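Asks: Let's see this in three dimensions:
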Amino acid sequence: MDPEDDVIELPITDVFDLHTVPPRDVEGIVEAYLEAALEKGFVHLRIIHGKGIGVQRETVRRVLARTPFVESASTAPEGAGGWGATLVTLRPK
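Replies: The predicted model follows:
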């Protein structure tokens, strides 16, 4: 059986919840998500990384800081996840 057969395509929306993503995969998956969201035409995103001790948040923020088409990133308001989520604005193509 080909390992590629095990790949599951997830629908790309403006909200991405990282709770099911293993920590070792967060960086690459967030990079791929940002590319896919840009291709789909999304401008405003919410990445849910959880509150915890901040490791996931820092990984997400590091990826966002080095991604050239990310215009801004900020902590979500309390009703949208507070410091457990990051709001992202992309520069449209």
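Asks: CA atoms for contacts and neighbours, from now on please.
Replies: Will do.
Asks: Backbone dihedrals for residue 85, please?
Replies: Main-chain dihedrals, residue 85, degrees, to the nearest 10: phi -150, psi 150.
Asks: what do you get for residue 39?
Replies: With angles defined as degrees, to the nearest 10, residue 39 sits at phi -60, psi -40.
Asks: what do you get for the one 3 residues further on?
Replies: Here the main-chain torsion angles of residue 42 (degrees, to the nearest 10) amount to phi -70, psi 140.
Asks: so what's it up against?
Replies: By C-alpha atoms under 8 Å, 6 or more residues apart in numbering, the contact set of residue 42 is 14, 90, 92.
Asks: which SS state does the last one fall under?
Replies: Same thing as residue 92. coil (DSSP: H, G, I helix; E, B strand; the rest coil).
Asks: hang on, it packs against residue 43?
Replies: Yes: Residue 92 lies in contact with residue 43 (C-alpha atoms under 8 Å); the separation is 6.2 Å.
Asks: Show me where the protein has its helices.
Replies: Ranges of helices in the chain, per DSSP state H, are 26-40, 55-66.
Asks: I'd like the ones you listed laid out as TSV, including distance to residue 83.
Replies: Shown next, in TSV, are the helices of the chain (distance: least, C-alpha to C-alpha, whole Å):
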stretch	distance to residue 83
helix 26-40	17
helix 55-66	8
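Asks: Include mean neighbour count, mean pLDDT and distance to residue 79 when you put these into a markdown table, please.
Replies: Output for the helices of the chain, formatted as a markdown table (neighbours: other C-alpha atoms under 10 Å; pLDDT from 0 to 100; distance: least, C-alpha to C-alpha, whole Å):
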| stretch | mean neighbour count | mean pLDDT | distance to residue 79 |
| --- | --- | --- | --- |
| helix 26-40 | 16 | 96 | 23 |
| helix 55-66 | 17 | 97 | 18 |
